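# next come a sequence and a model predicted from it.
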Amino acid sequence: MATAAEEKPVWRHRTTRAQLTLWAGWLCLVALFVYCWQVMTADTIWAFVADAPRQAADIGSRMFPPRWGYINELWLPLWDTINIATLGTLLGILFALPVAFMAARNTTPSVMFVRPVALFIIVASRSINSLIWALLLVSIIGPGVLAGIVAIGLRSIGFIAKLLYEAIEEIDETQVEAVTATGAGAAQVVDYAIVPQVLPAFFGISVFRWDINIRESTILGLVGAGGIGLQLQASLNVLAWPQVTLIFVVILATVVVSEWVSAKVRHAII
Amino acid sequence: MLRVTGLTKTYATGDKALADVSFEVPEGQVVGLIGPSGAGKSTLIRCVNRLVEPTAGQVHLGDLEITALSRRELRRARRRIGMIFQEYALVERLTVMENVLSGRLGYVPFWRSFTRRYPPGDVEKGFALLDRVGLIQHADKRADALSGGQRQRVGIARALEQDPELLLIDEPTASLDPKTSRQIMRLVVEICQERALPAIINIHDVVLARQFTKRIIGLQAGSVVFDGSPEALDETVLTRIYGEEDWTAIRRRDGEDGEDDEDEREREERLAGLV
Amino acid sequence: MSDTAHPRVWRRPPVLIRDRRWRYAIYGGALVYLIAAVGSLEVNWVRVLEGLERGWRFIQGFLAPDFTTRWTDISQGLVESLTMTVTSTVVGVLISVPIGIGAARNIAPRAVYLVCRSIIAVSRALQEIIIAILFVAMFGFGPFAGFLTLSFATIGFLAKLLAEDIEDIDEAQAEAVRATGASWWQLVNYAIQPQVMPRLIGLSLYRLDINFRESAVIGIVGAGGIGATLNTAIDRYEFDSAGAILLIIIAIVMVAEYSSSYVRKWVQ
């Protein structure tokens, strides 16, 4: 090996060992993919898959033209959808505020006990999609708009609280110190030093979540939680494809409009 | 009157920031606290109002032992101690007037501070103080719309709105240009004279400290190594505080500063209203 | 202190909307909307009250979950969800990369750019659930439809962010490589790949996490996975099994989030 050191060094992109690790990593990934593919498609009926293009063409031909006259039956569900999103967001905000303050390291009453509880609420709320929350709530309090509102609210808690507590942890502590030094009480410190610093972030997060909620509330009706999704479910059940097309168009338009509104509002605030 | 006896602070990390610091500040005296970075200047003034909890020792403000107070009593004591910060520490997104009125937070109940309905006397005093520091026309602006010198003036007004019996001033000029620094120091010293307020000014600029204070305390590695008049602050003392360095430049600059001080002062005062 | 009298009252200037008329109009409008929205709620309070008892049973089920009774169903659903997540993320990433490069304005020809951008727009506009409904109708029930749904949704998410990253790269580095007379492929390989690779890995892991969460949902419309199991459990009012499934989902999401943040730190 003594001669090797005297030889001119050969330039390599990576060292041999790193190269090997990299290849082994890729190999593992490919093996995992193949294995997962096998397991997943074990029960797949390939005849259906092969038949899919014909099915697609068939459905496509039935979907057009959309049944425009159906629109008059969609206004009320659309109004419900918007209400589910808006009231649900408000409900979420109401609960997210205390949770965020309990989760932020610099405002929590107790790092040992309260903070973990708040973090668990955030994770639980975030991991479960609003459609699953809706499924649960429809089964508990019955179908209708209320289940949708509560579902959207429960899902929003985690989202808003997570982003808000991160904003609270990033505030400028010297401002808090200055207000504390005047002899202010805890509530006054929050009001004067913390709230002004996180208010723009809070509005931004809320509007952003409202935009997402509009999107999600359009489909809550699939499980019976009110809104335009109910009409979608009904139309799908009777295979009324021209109505389904129109509902898709209305959903798409609502989502585009809400995205535009949310972008405008966020722009105005920040 | 402020009396500090045997003040010691050891941080949880084991760093000793203050070691047995004792001194007194009588009525109306402005004390300059100098020392290298990390000498414990900022810890010392924060121990006085217990923003940092001292490990040992006592702080007396008049007859009140601050270090023996409960949380609730501490709040009441803090409102008697005004504090002015490095980098101003204003609440940037609130208006200038809200920042000034926040000096009354220790006096008013929560609902008043929340609805911003302060007692008429507090509001009147706020306006008078803004007038005194030359910012009355900026009362409704947001604090982050002001320049550095202006923000520090708001910081001064906020501290005075508390009707303090003591001012703690932490590097008031750290982020200001030399001219604005002098204006701010002059304002602080004048106000202390007007109200016979004792003050401790934490300052890294030795020239400024000598020019504006009557007494200087030198801190080195958490201990007081000098306590006396600015005139007694010679090269040996500076070396004791900061370590070996060529100090002649500081002394020369200091001399030049004194000569045209009167002139400059007049010019500055005219400008102060415009800045 | 000067002797001039100072005002004794001060009102904070309005924070958000300066103009008085606009302020009243917007606040008034918001109030009217809220009243109308709450007024139009049709709530069957009797049904809600009856439901409270069931809600209590759900909370009990959540606190004392039952993993064993339906374990075969749960494990099958989990395997479907997990395999669906992995395969769809891999396929989605593989398709996203060329589309993402094609949708970056600074390196793609105009025609390619437009085509790739419209693919992204379509994928983003349609939600997973709606795509799943269509794919289930075409390909039949089961995880294969779910796999297609998630792959399709991954494209919109990943290709868009990738394209934005490529558009944001340091032009100076690309310029330097171009100056050596490199071809387009060499440009992508030398100037762009090193800059966006860590981000791409980070985003793929993030998408893996999202795909798992979504795989729990699309089962509700028949696209396989744990969502179908959950749907059945809730339909049968078996809240202890449902609680077990939800806890498993939360646990997997937590593990995925924690490990992906670890891997992302390691990559960068």
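Arrived safely, thanks for sending.

# any idea how far the residue of the stretch 151-268 of chain C found nearest chain A is from A:Y70?
Nearest residue of the stretch 151-268 of chain C to chain A: C:V253, at 4.0 Å (Cβ to the nearest Cβ). No exception for glycine: its C-beta is placed from N, CA and C like everyone else's. From C:V253 across to A:Y70, the span is 39 Å (Cβ to Cβ, to the nearest Å).

# right, is the helix or strand C:S81 falls within up against chain A?
C:S81 belongs to helix C:71-102 when elements are defined using DSSP states H and E. Yes. Shown here: helix C:71-102 in contact with chain A (Cβ under 8 Å from any Cβ of the partner chain) through C:V79, C:E80, C:L82, C:T83, C:M84, C:V86, C:T87, C:V90.

# now whichever helix or strand B:I169 is part of: buried residues?
Secondary structure assignment for B:I169, by DSSP H and E: strand B:166-170. The neighbour-count check on strand B:166-170 (16 or more other Cβ atoms under 10 Å in any protein chain shown) flags B:L166, B:L167, B:L168, B:I169, B:D170 as buried.

# what sits against the second one?
Read it as B:L167. Residues near B:L167 by Cβ atoms under 8 Å, 6 or more residues apart in numbering or on different chains: B:I81, B:G82, B:M83, B:I84, B:A159, B:V188, B:C192, B:L197, B:P198, B:A199, B:I200.

# please enumerate the helices of chain B.
Using DSSP state H, the helices of chain B run over B:41-48, B:71-78, B:96-101, B:110-115, B:120-132, B:148-161, B:178-195, B:206-212, B:235-242, B:248-259, B:261-272.

# out of the ones you listed, flag the one nearest chain A.
Here helix B:71-78 is closest among the helices of chain B (Cβ to the nearest Cβ), at 3.7 Å.

# what does stretch B:136-152 contact?
Around stretch B:136-152, the neighbours that count as contacts under Cβ under 8 Å, 6+ apart are B:84, B:88, B:90-97, B:99, B:126-127, B:130, B:135, B:154, B:172-173, B:175-177, B:180, B:183-184, B:275, C:10, C:13.

# among these, which are in reach of chain A?
When those are filtered against chain A using Cβ under 8 Å from any Cβ, the residues retained are B:L90, B:V91, B:E92, B:R93, B:L94.

# relative to chain C, how far out is the first one?
When Cβ to the nearest Cβ, to the nearest Å is applied, the distance between B:L90 and chain C equals 16 Å.

# which non-adjacent residue is nearest that residue?
By the measure of Cβ to Cβ, 6 or more residues apart in numbering or on different chains, the closest residue to B:L90 outside its immediate chain neighbours is B:A143, 4.3 Å from it.

# in the stretch 101-250 of chain C, which residue sits closest to chain B?
For the stretch 101-250 of chain C and chain B, the shortest gap (Cβ to the nearest Cβ) falls at C:D168, measuring 28.3 Å.

# end to end, how far does stretch C:168-185 reach?
Distance between the boundary residues of stretch C:168-185 (Cα to Cα, to the nearest Å) amounts to 19 Å.

# what helices or strands is the helix holding C:S81 leaning on?
Applying 3 or more Cβ pairs under 8 Å, 6 or more residues apart in numbering or on different chains; DSSP states H and E, one finds that helix C:71-102 makes contact with helix A:16-40, helix C:110-125, helix C:143-167, helix C:193-218, helix C:226-235, helix C:239-267.

# output the contacting helices and strands for the last one.
It refers to helix C:239-267. Packing contacts for helix C:239-267, counted by 3+ Cβ pairs under 8 Å, 6+ apart, involve helix A:114-127, helix C:45-63, helix C:71-102, helix C:193-218, helix C:226-235.

# flag every residue of chain B that's near chain A.
B:49, B:51, B:75-81, B:83, B:85, B:87, B:89-94, B:98, B:102-107, B:110, B:113-114, B:155, B:158, B:162, B:168.

# out of those, which are buried?
Once neighbours are counted (16+ other Cβ under 10 Å), the buried part of the residues of chain B next to chain A comes down to B:49, B:51, B:75, B:77-81, B:83, B:85, B:87, B:89-94, B:98, B:102-107, B:113, B:155, B:158, B:162, B:168.

# pull the distance from the helix holding C:S81 to the chain's centre.
A distance of 14 Å separates the C-alpha centroid of helix C:71-102 from that of its chain, computed with Cα atoms, centre = their mean, to the nearest Å.

# helix C:110-125 and that helix, what's the angle between them?
Relative orientation of helix C:71-102 and helix C:110-125, computed by axes from the mean of the first three to the mean of the last three Cα atoms, to 10 degrees: 150 degrees.

# how about helix C:71-102: buried residues?
By 16+ other Cβ under 10 Å, the buried positions in helix C:71-102 come out as C:73-74, C:76-93, C:95-97, C:99-102.

# low-confidence regions, the chain specifically.
Defaulting to chain A. Per-residue confidence for chain A (pLDDT under 70) gives these ranges: A:1-14, A:270.

# sorry, I should have been clearer: chain C.
In chain C (pLDDT under 70), the answer is C:1-4, C:16, C:268.

# okay, now the domains of it?
Each domain of chain C is listed here as a residue range: C:20-59, C:69-267, per automatic domain parsing.

# and residue 51, how many neighbours does it have?
Using chain A here. In terms of burial, A:D51 registers 15 neighbours under the definition other Cβ atoms under 10 Å in any protein chain shown.

# my bad, the chain I had in mind was chain C
Residues within reach of C:G51, counting by other Cβ under 10 Å, total 20.

# from chain B, how far off is the nearest residue to it once chain neighbours are set aside?
Excluding the flanking residues, the one nearest C:G51 by Cβ to Cβ, 6+ apart is A:I141, at 3.8 Å. According to Cβ to the nearest Cβ, A:I141 stands 36 Å off from chain B.

# show me which residues of the stretch 101-250 of chain B sit near chain C.
Proximity of the stretch 101-250 of chain B to chain C, by Cβ under 8 Å from any Cβ, involves residues B:101, B:116, B:118, B:120-121, B:123-124, B:126-128, B:131-132, B:139-140, B:194.

# got a winner among those for most neighbours?
When neighbours are taken as other Cβ under 10 Å, the top entry among those is B:G126 (29 neighbours).

# confidence score at the residue nearest to that residue when sequence neighbours are not counted?
Take B:G126 and drop its neighbours on the chain: the residue closest to it by Cβ to Cβ, 6+ apart is B:V100, 4.5 Å away. B:V100 carries a pLDDT score of 92 in this model.

# how many residues are close by B:V100?
Using other Cβ under 10 Å, B:V100 has 31 neighbouring residues.

# that one is in contact with B:A159, isn't it?
No. Distance between B:V100 and B:A159: 9.6 Å, which falls outside the contact criterion (Cβ atoms under 8 Å).

# ranges for the helices of the stretch 51-200 of chain A?
With DSSP state H, counting those that start in this stretch applied, the stretch 51-200 of chain A shows helices at A:75-103, A:114-127, A:130-141, A:145-169, A:173-181, A:186-189, A:195-217, listed in chain order.

# so is the shortest one next to chain C?
Read that as helix A:186-189. No. Contact between helix A:186-189 and chain C is absent, the nearest approach being 15.5 Å (criterion: Cβ under 8 Å from any Cβ).
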